[in-house]
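>>> Structure of the sequence below:
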Amino acid sequence: MTFPGQTSDIAGAVAFMASEHARYITGTTLFVTGGRYG
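Predicted structure coming up:
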């Protein structure tokens, strides 16, 4: 990664998890890392 993440970089993931589309998802961790692992 060449730049630090911004709030707007994770906004889509947060909006999805808060929506009705994610109603069947429970007890999980969603890693929004921009491809960075570890």
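>>> which residues in this protein form helices?
Secondary structure of the chain (DSSP state H): helices at 7-17.
>>> quick one, what contacts Phe16?
Taking C-beta atoms under 8 Å, 6 or more residues apart in numbering, we find Phe16 in contact with Ala22. Yep, even glycine has a C-beta here, placed from its N, CA and C like the rest.
>>> Tell me the spacing between it and Val32.
When C-beta to C-beta, to the nearest Å is applied, the distance between Phe16 and Val32 equals 10 Å.
>>> Kindly export stretch 17-36 (C-alpha atoms) in PDB.
What follows is stretch 17-36 as a C-alpha-only set of coordinates in PDB (Å, rounded to 0.1, in the frame of the first residue of the first chain):
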ATOM      1  CA  MET A  17     -23.000  -4.800   6.900                       C
ATOM      2  CA  ALA A  18     -25.600  -2.400   8.200                       C
ATOM      3  CA  SER A  19     -28.100  -3.100   5.400                       C
ATOM      4  CA  GLU A  20     -30.800  -5.700   5.000                       C
ATOM      5  CA  HIS A  21     -28.600  -7.500   2.400                       C
ATOM      6  CA  ALA A  22     -26.400  -8.700   5.300                       C
ATOM      7  CA  ARG A  23     -29.200  -9.900   7.500                       C
ATOM      8  CA  TYR A  24     -28.000 -13.600   7.200                       C
ATOM      9  CA  ILE A  25     -24.500 -12.700   8.300                       C
ATOM     10  CA  THR A  26     -23.800 -13.200  12.000                       C
ATOM     11  CA  GLY A  27     -20.700 -13.600  14.200                       C
ATOM     12  CA  THR A  28     -18.000 -12.700  11.700                       C
ATOM     13  CA  THR A  29     -15.200 -10.300  11.300                       C
ATOM     14  CA  LEU A  30     -14.900  -8.400   8.100                       C
ATOM     15  CA  PHE A  31     -11.300  -7.400   7.400                       C
ATOM     16  CA  VAL A  32     -11.100  -4.300   5.200                       C
ATOM     17  CA  THR A  33      -7.400  -4.000   4.800                       C
ATOM     18  CA  GLY A  34      -6.800  -2.900   1.200                       C
ATOM     19  CA  GLY A  35      -5.100  -6.100   0.500                       C
ATOM     20  CA  ARG A  36      -2.700  -6.000   3.400                       C
END
